[in-house]
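# this one's sequence-less:
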Ligand code: CO
């Protein structure tokens, strides 16, 4: 069993640009299982590897396409196309208790690898698309408040710095 722990702002690992996954193996599959447990315990809808201190390019997300409890893993994910701007109210397990509205693309075309090493290309809409963008940002060291307009961004960071930076 692998023990994983949620990293909370301002942990510096949340600010690193993650490296491509080289090996899709049993170890990654075990990390995926642990991430699913952690995400469900925390009642999250997505969780990226840097949030558990692993600076590699993968994340998990709820499957919003049906009513199943399935959680999808996205390995070496990329956005190929993006359009339709929407505002989404977002939060983050690494910044607990704080929410704000950021602009995202409602439709994206993506590429990623699954645990069997197969390359998938899919179109995502709505929540599936928004969560994908939020989690992909984590792989580049970007947190959702970074995407706020300047004034709201300053206010947001002032608030969370006061709460989390001790
Ligand atoms: Co997040």
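Yep, that arrived. Since the model is a prediction, treat every value here as computed from it, not as a measurement. Numbering: from 1, shown residues only.

# Residues contacting whichever strand or helix holds residue 72, please?
Per DSSP states H and E, residue 72 falls inside strand 71-90. Identification of contacts with strand 71-90 by C-beta atoms under 8 Å, 6 or more residues apart in numbering yields 20-21, 24, 28, 32, 36, 39, 57-63, 99-115, 121, 130, 132-136, 139, 144. In this view, the C-beta of every residue, glycine as well, is placed from N, C-alpha and C.

# Please apply the same query to stretch 124-140.
So stretch 124-140 is contacted by 14, 17-18, 45-51, 57-65, 74, 77, 79, 82, 86, 88, 90, 92, 104-108, 110, 143-144, 146-147 (C-beta under 8 Å, 6+ apart).

# buried subset of those?
For the contacts of stretch 124-140, burial is judged from neighbour counts taken by 16 or more other C-beta atoms under 10 Å, and it is met by 14, 18, 45-51, 57-62, 64, 74, 77, 79, 88, 90, 92, 104-106, 108, 110, 143-144, 147.

# Select from the contacts of stretch 124-140 every entry located in strands.
The strands, defined by DSSP state E, take in 46-48, 58-62, 74, 77, 79, 82, 86, 88, 90, 104-108, 110 from the contacts of stretch 124-140.
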